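[1] dropping the sequence and predicted coords here.
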Amino acid sequence: MNHTRSRWMIGLLLALALVATACGGGSGDTTQGTDTTQGTDTTQGGGDSEETIEHPAGSTMAEIQQRGTITVGTKFDQPLFGLKRATTGEVEGFDVEIAELIAEAIDPDLEIEFVETPSAVREDVLVNGDVDMVVATYTINDKRKERVGFAGPYYVAGQDIMVPAGNPEDIQGVDDLNGKRVCSVQGSTSIENVREEAPDADVTEFGTYSQCADAMSDGRVDAVSTDNVILLGLIEESDGEFELVGNPFTTEPYGIGVPKDDDELRNFINDRLEEIYDNGEWAEAYERTVGVVDEETPEPPEVDRY
């Protein structure tokens, strides 16, 4: 009786062991899969320690990295370059993507806070320390360099003219703006160029280009003048209401505004721009944004390190 019971117990234990082994094998596979996932999920902590980006102590890049957030001034009303979508609240466009590529080089885990920065306040937000940099169709010129620094350029535009579809006033170039009602934006080089090139134009100023587009839409102005790529974005959004004259009369190198005399940050951004020119990321960003209306991707401009 005892021997029989012993044999029965041994058999039962062996059977249970086999079942446990089979179950244990499946559980082990699942655990390994989980471990593997955790091992590759390094973005939350900035990647493997071997890939941690180190910046010079005391530099703006190190301070931004330590803070974990970078604040970028950009436009919220410019299709293709900087546009905040009402439906999602997200900001999109070429300027936005350039800012993201720069932030990624400071630290892949940086949070980016985009702050609406119309043309008239771009120098002010940098001087006051409200933002870390400005990427906002920001033309580099000597007057602005008196207050801020610039990296870049990262794009070169040309000032042109937008008119109602059919061009009812037959505006063919900047000279034809004399005697016409023309809109541009406060604090922009565009409005200065109009006043210089067409001194007899009746100039209307607004804070944003979308306001100029609205003014032309309801007949308050005859034309809108600013950089061609900005106008292309407005035309794309107009559903055939506007058209481009297609006769640019200036050269507008877009730069990234930084605090004046922060040479470390400016050089860092210039290095990053040259990197994305070479590795194709600049072209990819252009094609996703401006490339929607511009069939030909231009060559990126040469960085001016002055």
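    Structure received.

[2] mind checking how far the residue positioned nearest the centre of the chain is from residue 86?
    The chain has residue 96 as the residue nearest its centroid, 1.2 Å off, counting by Cα atoms, centre = their mean. According to Cβ to Cβ, to the nearest Å, residue 96 and residue 86 sit 16 Å apart. Quick note: C-beta positions are derived from backbone N, CA and C, even for glycine.

[3] for residue 177, what are its contacts?
    161, 171, 194, 197, 198, 201, 223, 225 (Cβ atoms under 8 Å, 6 or more residues apart in numbering).

[4] figure out the helix or strand that the first one lives in.
    This means residue 161. Per DSSP states H and E, residue 161 falls inside strand 159-164.

[5] which helices and strands does that strand pack with?
    Counting contacts by 3 or more Cβ pairs under 8 Å, 6 or more residues apart in numbering; DSSP states H and E, strand 159-164 packs against helix 189-197, helix 209-217, strand 223-227, helix 228-237, strand 242-244.

[6] which other residues reach the shortest one?
    To tie it back to what came earlier, the one meant is strand 242-244. The contact list for strand 242-244 (Cβ under 8 Å, 6+ apart) reads 160-167, 213, 216, 224, 228, 231-232, 234-235.

[7] now do the fourth one
    The set of residues external to helix 228-237 that reach it, using Cβ under 8 Å, 6+ apart, is 78-81, 83, 137, 155, 157-162, 209-210, 213, 224, 242-244, 248, 290, 292-294.

[8] please list only the buried members of the residues you listed.
    Buried subset of the contacts of helix 228-237 (neighbour count, 16 or more other Cβ atoms under 10 Å): 78-81, 83, 137, 155, 157, 159-162, 209-210, 213, 224, 242-244, 248, 290.

[9] ok, the nearest residue to residue 245 once chain neighbours are set aside - contacts?
    Distance criterion Cβ to Cβ, 6 or more residues apart in numbering; nearest residue to residue 245, sequence neighbours excluded, is residue 161 at 4.2 Å. Residues in contact with residue 161 (Cβ under 8 Å, 6+ apart) are 171, 173, 174, 177, 223, 224, 225, 231, 244, 245, 247.

[10] over to residue 191?
    Applying Cβ under 8 Å, 6+ apart, the residues near residue 191 are 184, 185, 203, 205.

[11] can I assume the third one sits in a strand?
    What it means is residue 203. Yes - counting by DSSP: H, G, I helix; E, B strand; the rest coil, residue 203 is part of a strand.

[12] so what's the residue count around it?
    The number of residues packed near residue 203 is 17, by other Cβ atoms under 10 Å.

[13] residues contacting it?
    With Cβ under 8 Å, 6+ apart, residue 203 has these contacts: 182, 183, 184, 191, 194, 195.

[14] hmm, 6 Å instead?
    182, 194 (Cβ atoms under 6 Å, 6 or more residues apart in numbering).

[15] do the first one as well
    Shown here is residue 184, whose contacts under the criterion Cβ under 6 Å, 6+ apart are 190, 191, 194, 225, 226.

[16] and the first one, what pLDDT?
    The predicted local confidence for residue 190 comes out at a pLDDT of 95.

[17] what is the burial count for it?
    By other Cβ under 10 Å, 27 other residues sit near residue 190.

[18] same for the longest strand seen in the chain, what does it pack against?
    Taking DSSP state E as the criterion, the chain has its longest strand at strand 148-157. The elements that strand 148-157 packs onto, with contact taken as 3 or more Cβ pairs under 6 Å, 6 or more residues apart in numbering; DSSP states H and E, are strand 252-259, helix 263-279.

[19] wait, isn't residue 188 in contact with residue 120?
    No - if you go by Cβ atoms under 6 Å, residue 188 and residue 120 don't touch, sitting 7.9 Å apart.

[20] higher neighbour count, those two?
    Ranked by neighbour count (other Cβ under 10 Å), residue 188 and residue 120 place residue 188 first, with 25 against 14.

[21] got the domain boundaries for this protein?
    Split into domains by automatic domain parsing, the chain comes to 54-156+253-292, 159-244.

[22] any chance of a markdown table for the contacts of residue 191, columns distance to residue 111 and pLDDT?
    Below are the contacts of residue 191 laid out as a markdown table (distance: Cβ to Cβ, whole Å; pLDDT from 0 to 100):
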| residue | distance to residue 111 | pLDDT |
| --- | --- | --- |
| 184 | 34 | 97 |
| 185 | 29 | 94 |
| 203 | 40 | 97 |
| 205 | 35 | 96 |
